[in-house]
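# Based on what follows, work out the 3D shape:
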Amino acid sequence: MINLDIITTPRLDLIEITKKYGFLIGAREDKLERRIKKGIKVDFVDWNFHNQKITQSRLLKYLLYVKKLRPKYAVAPDITNEKQLDFILDFANELRKYAKNVIIVPKVPVDRIEKKFVLGFSVPSEYGKTTIPVWEFYYYRVHLLGGTPFQQAYYYKIIPKVVSVDGNSIWKAANRFCKYFTKSGWQNLYNLWSNDKIVEAYKRSLINLKMFWREICSLEEVD
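Predicted coordinates for the structure are as follows:
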């Protein structure tokens with residue numbers, strides 16, 4: 001049994017197979033409208049950290065999305081400086097009315113963040129990384145944001161209370177390179193690119209990633 005939520009954001013036509021293998025479905029705020037119109041259940045609502053502009057209208061729209069979807073997880077805007085802390089914590093409390101878990105992504109010391117929130121730890125990737133010491137996350141429930149499964153497994157082993165992980169590396173590998181994940185590394189499915197092979201590569205990654213995390217979680221339970 002895996003006591004860990006694994007979240008990914010596949011292409012729309014691959015959502016059902018992703019759910020079949022026990023993964024939760026994520027979507028970034030700028031992709032939500034299309035999924036809502038298609039009646040897709042979104043478990044993980046993600047703030048678009050690429051857009052650093054925070055406005056009242058954007059916050060209200062995001063809150064309404066979360067209210068409509070009632071996800072298991074909702075990510076609050078990143079706390080990039082001390083001046084934002086109270087404001088974003090207030091907004092996170094509004095999100096908690098509609099999301100089971102609200103993830104705070106801190107880039108400042110965490111001592112004023114209550115334990116009722118999940119802390120988001122940004123795994124090192126092309127998009128950046130968490131800059132505060134990893135030990136500040138030890139007494140919170142933690143969500144691992146981004147990175148590869150191997151990087152996530154490293155931090156899973158050193159952070160005591162990791163409850164969830166998300167990432168799109170398996171979809172990117174399948175879509176761009178027709179590669180699939182194994183615990184030994186990324187493997188090429190075929191030399192030629194086609195949609196059927198992309199789907200097959202993605203499906204193999206889902207199966208192998210679930211087995212990978214089952215093994216990691218089992219080892220931690222034994223320890």
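
# This structure: strands as residue ranges?
Counting by DSSP state E, one finds strands in the chain at the ranges 5-8, 24-28, 44-46, 73-75, 101-104, 118-122, 142-145, 162-166, 179-182, 185-188.

# Now do the most centrally placed residue in the chain, the pLDDT please.
Closest to where the C-alpha atoms of the chain average out (C-alpha atoms, centre = their mean) is Asp166, at 2.7 Å. Per-residue confidence for Asp166 comes out at a pLDDT of 96.

# Which residues are in contact with it?
Each residue near Asp166 by C-beta atoms under 8 Å, 6 or more residues apart in numbering is listed here: 6-9, 26, 44, 46, 143-146. Using the backbone N, CA and C atoms, a C-beta is placed for each residue, glycine as well.

# tell me which of the residues you listed is nearest to Tyr155?
Leu144 (5.7 Å; C-beta to C-beta).

# That closest one against Val165, yeah?
Yes: contact criterion C-beta atoms under 8 Å: Leu144 and Val165 qualify, at 4.3 Å.

# Backbone dihedrals for Thr130, please?
Backbone torsions for Thr130, taken as degrees, to the nearest 10, come to phi -70, psi 130.

# wait, it sits on Val110?
No: at 10.5 Å, Thr130 does not count as touching Val110 under the criterion of C-beta under 8 Å.

# which stretches of the protein have low pLDDT?
Counting by pLDDT under 70, the chain has low-confidence residues at 1-2, 126-128, 191-194, 219-223.

# count of residues packed around Tyr155?
By other C-beta atoms under 10 Å, 19 other residues sit near Tyr155.

# Okay, angle between the helix ranked longest in the chain and strand 162-166 too, please.
Among all segments of the chain classified by DSSP state H, the helix with the greatest residue count is helix 195-222. Taking axes from the mean of the first three to the mean of the last three C-alpha atoms, to 10 degrees, one finds helix 195-222 and strand 162-166 inclined to each other by 170 degrees.

# and the gap between Tyr98 and Glu16?
25 Å (C-beta to C-beta, to the nearest Å).

# who has more neighbours, those two?
Between Tyr98 and Glu16, Tyr98 has the larger neighbour count (other C-beta under 10 Å), namely 18 against 11.

# list residues touching both of Leu144 and Val165?
With C-beta under 8 Å, 6+ apart, Leu144 and Val165 have common neighbours 152, 156.

# Find the nearest non-adjacent residue to Tyr62, please.
Taking C-beta to C-beta, 6 or more residues apart in numbering, and ignoring the residues beside it in sequence, Tyr62 has Glu29 as its nearest neighbour in space, at 5.6 Å.

# Buried ones in stretch 84-91, by neighbour count?
84-85, 88-89, 91 (16 or more other C-beta atoms under 10 Å).

# any chance of those residues in JSON lines, plus distance to Lys67?
JSON lines is the format used below for those (distance: C-beta to C-beta, whole Å):
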{"residue": "Gln84", "distance to Lys67": "23"}
{"residue": "Leu85", "distance to Lys67": "24"}
{"residue": "Ile88", "distance to Lys67": "18"}
{"residue": "Leu89", "distance to Lys67": "19"}
{"residue": "Phe91", "distance to Lys67": "13"}
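
# Greatest separation within the residues you listed: which pair is it?
Pairwise across the buried residues of stretch 84-91, and taking C-beta to C-beta, the largest span is found between Leu85 and Phe91, at 11.0 Å.
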